[in-house]
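**Q** Structure for the following, please:
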Amino acid sequence: MSFKDINIKPSYESGVDDIIEEFYEPALSTSIQYDRIAGFFSSSSLAIAARGMSEFIKNGGRMRLITSPKLNPDDANVINKFITSYESLNLSDFGIDLDNIQSDFEKNHVKALGWLLKEDRLEIKMAIPIDDKSDPDFKEMNKGIFHQKVGLLVDEKGNELSFSGSINESASAWVFNDEEFKVFMADMYPVFFQSDKNRFNDIWNGKRNNLKIYDLPNAVKDNIIKYSNNFDIESISIKRYREKRNHNNFSLTPISLFSYQEKAVKKWIQSDYRLLFEMATGTGKTRTALASMAYLFNRIESLIVVISTPQNVLSLQWIDSINDLKISYDLLSIIDGTCQNWRTDLENMLLENYNGNKHAKHCIILTTHATSSSVDFIDLISNNTSTRTRTLFIGDEVHWLGARQYRRALLNKYDYRIGLSATPTRWFDEDGSAFIMNYFGDSKFEFTIKDALTTRNPRTGLPFLVDYYYYIQQIHLNQEETERYKNVTARILNLYRVKDKNDEQSDRLQRLLEERANIIKNAEEKITALSNLIDKLNQDDSIHDLIIFVSPQQIDTVIKILFQKGIYFHRLTEKEGTKKSAKYNGLSEREHIIKAFKKGLFQVIIAIKCLDEGIDIPTASRGIILSSSTNPREYVQRIGRIIRQSEGKDNAVLFDFCVASVTGLNKDEIELEKRIKNKELVRIKEIATNAINHAEVLKTLSTF
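**A** Numbers count the residues shown, from 1 in each chain. Sure thing, here's the model as predicted:
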């Protein structure tokens, strides 16, 4: 057989081609010579260099490999060894621990290279970037990296080909082939093939002025050979790995995931580790992000993770999830305003990592958006991380980070990025929305409420979210509220007409929109309607598992109504503390309230804002939106509070108090009102469309 008998394409792309099965295995199985530039010297790159080599070895194939230690100018000791006594280098100098390779793919293919070394069928050379080859001591190492990726193959009949391209290689590429490259047959693309061949030969023979070439140090060679003592050629056969892949033995992460969550992680990896996870509330955004973090922990020696949330109570929930999933880490710390010495704590953690402490290689920082965007936090993160350390930023409820005061948290220095939100788009802030999208790679993975209601959990046989009824209570403004509303609308219209608004005008417009929203939020008729609804619910079925979402202006009145009707309740606002206390048996006051509600000790929770994002109360089955901003996000967050699956929960019910359109506006004001109203109705209609009683609700909405 020869290359002529194989259907070799001119290019291969991840997600389109099975690169192992369609290219590497058939091309190598008919080859007798393999020259390879493999980028960094690591167990992973060595394994990738040996990909598909079972038949190649049986053919008596010979291989030449050029690679490079992954060095930076701060690695003075290793660089000095290369200059003065590189033969004393060993694998530990490169941070490679062969005994602790977890992936069978890496383990067996590194053994294959060791066996080839022992049989004198493999030569390995190290390419070190330099600034000036004329310097006899080569004291100035180039700050760049040797990261070329080229392969050349010769078959038994003398046919030749080369391949080169982005080839973002990792052992995990076996699962999802995160790479792209071109293939040049020598007789079809002689110019491109010869260029690749000349490049390899020039580097191999030390003819590149920007590189210094060394033979593989004997100590390194001996270690790899020793590692290969029990090498079995069948352990790298394409057949065995195909079977493993088909039976899902090649795990993406150590955390079990549902299929849609695994798709999210894969897309994140394929998107250069930068992605927005736009997933409905209750569908496991946190678990998916932590699986991504665990994926990096398994593959990166030193990683600092920053998890930024809107409030400290959410950080505590992240810690619970990390512990529940049994994710291993070295250091973890809460770094926010609830900790008086957070600056010192953060600096100490970063310095431990910077100094290479083996007990500080994988660090997790739980913080808030306010802290992560502060000058002190940014300064510490920017100036106290080693160039050897990679960084992952996870933005929870990421829409917050598009705000001007929080954007500073989105540092360019974060290597890997994950943004989480059911609704990442910012309301009336196109610039902030664009900023978020751009930072997280202009790509996203979506799993909507509709997806979660129609996709069944294979473990339970039930949808991921529970079906729900949606009832709209139509509210009207009184005369005084109507006049105020008209006045604000006219002022909003005047600012809308300004094409190029400065910051002051933009802020003024935002304040007017908030003023308009407050009139709607606190409409007087809502209180009477709520009292009547409570009576009806109490008559039909004693009230339980109910959350009432209110504004600060409404809470005292609602408390009075519930008290008079003899209903057990508790308020949940920013005033209820998040610090753990002996008074609440080691829980925070907020955690204590939520636990009591789950047990049925409180029939109702009255919530202001703090339940909108991230708080998990799956037992809640009824919700009343007495007050909501015009921001569609609040509707999504609040429906998400009550449609999580829970034992014995057949369905959920949401009551939404919506203000009908105001009459008496002029033509221009009516047009503006439609623009705003249409945006407000987008998410309401989505919630209505997915409700059990959707036809009835959509009919009601048509009258608004």
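**Q** And this protein, split by domain according to the record?
**A** Segmentation of the chain into domains, based on automatic domain parsing, reads 7-246, 259-454, 468-701.
**Q** Helices of the stretch 551-700 of the chain, start to end?
**A** For the stretch 551-700 of the chain, the helices defined by DSSP state H, counting those that start in this stretch cover 555-564, 589-598, 632-642, 667-689, 694-701.
**Q** Ok, which of those helices comes nearest Q270?
**A** helix 632-642 (26.9 Å; Cβ to Cβ). All C-beta spots, glycine's among them, are computed from the backbone N, C-alpha and C.
**Q** I'd like to know how many residues surround the residue nearest to F447 when sequence neighbours are not counted.
**A** Closest residue in space to F447, ignoring its immediate chain neighbours: M279 at 4.4 Å, by Cβ to Cβ, 6 or more residues apart in numbering. Residues contacting M279 under the criterion other Cβ atoms under 10 Å number 26.
**Q** Check L572 too.
**A** With other Cβ under 10 Å as criterion, L572 counts 23.
**Q** what's across from it in the sheet?
**A** Using DSSP bridges, the beta-bridge partners of L572 come out as A607.
**Q** Q645 versus that one, what's the distance?
**A** For L572, the distance to Q645 equals 22 Å [Cβ to Cβ, to the nearest Å].
**Q** all helices of the stretch 51-200 of the chain, in order?
**A** 54-58, 76-84, 104-118, 173-176, 190-204.
**Q** which sections of the stretch 501-650 of the chain are below the confidence cut-off?
**A** Scanning the stretch 501-650 of the chain with the threshold set as pLDDT under 70 gives 540-541, 609-616, 629-636.
**Q** what do you get for the stretch 151-300 of the chain?
**A** 165-180, 234-235, 237-253.
**Q** again, only using 80
**A** 165-180, 210, 230-254, 281-282 (pLDDT under 80).
**Q** just the strands in it please.
**A** Applying DSSP state E, counting those that start in this stretch to the stretch 151-300 of the chain gives strands spanning 160-165, 180-185, 211-215, 274-279.
**Q** Who are the contact partners of I213?
**A** 66, 125-128, 203-206 (Cβ atoms under 8 Å, 6 or more residues apart in numbering).
**Q** how about 10 Å then?
**A** 66, 125-128, 203-207 (Cβ atoms under 10 Å, 6 or more residues apart in numbering).
**Q** Tabulate those residues (a markdown table), appending neighbour count and distance to R388.
**A** Formatted as a markdown table, the contacts of I213 follow (neighbours: other Cβ atoms under 10 Å; distance: Cβ to Cβ, whole Å):
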| residue | neighbour count | distance to R388 |
| --- | --- | --- |
| I66 | 25 | 23 |
| K125 | 17 | 24 |
| M126 | 23 | 19 |
| A127 | 23 | 20 |
| I128 | 20 | 17 |
| I203 | 19 | 25 |
| W204 | 18 | 29 |
| N205 | 10 | 31 |
| G206 | 14 | 28 |
| K207 | 11 | 31 |
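**Q** sorry, back to before: list just the one of the helices of the stretch 551-700 of the chain that sits closest to L493.
**A** Of all the helices of the stretch 551-700 of the chain, helix 667-689 sits nearest to L493, with 5.0 Å by Cβ to Cβ.
**Q** quick one: that closest one to chain centroid distance?
**A** 32 Å (Cα atoms, centre = their mean, to the nearest Å).
**Q** Which positions within that helix qualify as buried?
**A** 669-670, 672-673, 676, 680-681, 683-688 (16 or more other Cβ atoms under 10 Å).
**Q** Between the residues you listed, which sits nearest S164?
**A** Nearest to S164 among those, with distances taken as Cβ to Cβ, is E686, at 46.8 Å.
**Q** What about the closest residue in space to the closest one that isn't next to it in sequence, how many residues nearby?
**A** Leaving aside its sequence neighbours, E686 sits nearest to I449 (Cβ to Cβ, 6+ apart; 6.9 Å). Residue crowding around I449 was assessed by other Cβ under 10 Å; the count is 25.
**Q** Now do the contacts for I449.
**A** I449 neighbours (Cβ under 10 Å, 6+ apart): 279-283, 422, 464-465, 468, 636, 639-640, 643, 683, 686-687, 689-690.
**Q** If we use 7 Å, what do you get?
**A** The contact partners of I449, taken as Cβ atoms under 7 Å, 6 or more residues apart in numbering, are 280, 465, 686, 690.
**Q** so the nearest residue to A403 once chain neighbours are set aside is in which element?
**A** Of all residues not flanking A403 in the chain, G432 sits nearest, at 6.2 Å (Cβ to Cβ, 6+ apart). Assigned by DSSP states H and E, G432 falls within helix 430-439.
**Q** ok, now I37?
**A** Using DSSP H and E, I37 falls in strand 31-40.
**Q** Give me the packing partners of that strand, helices and strands only.
**A** Counting by 3 or more Cβ pairs under 7 Å, 6 or more residues apart in numbering; DSSP states H and E, the packing neighbours recorded for strand 31-40 are helix 43-49, strand 62-68, strand 149-155.
**Q** and the residue nearest to A403, how many neighbours does it have?
**A** G432: 20 neighbours (other Cβ under 10 Å).
**Q** Report how many residues lie close to the closest residue to K207 other than its chain neighbours.
**A** Distance criterion Cβ to Cβ, 6+ apart; nearest residue to K207, sequence neighbours excluded, is N201 at 7.9 Å. A count of nearby residues for N201, using other Cβ under 10 Å, gives 13.
**Q** going forward can the numbers begin at 36, since that is how I track them
**A** All right, first residue 36 from here; so that's N236.
**Q** any idea how far Y295 is from N236?
**A** Counting by Cβ to Cβ, the gap from N236 to Y295 is 48 Å.
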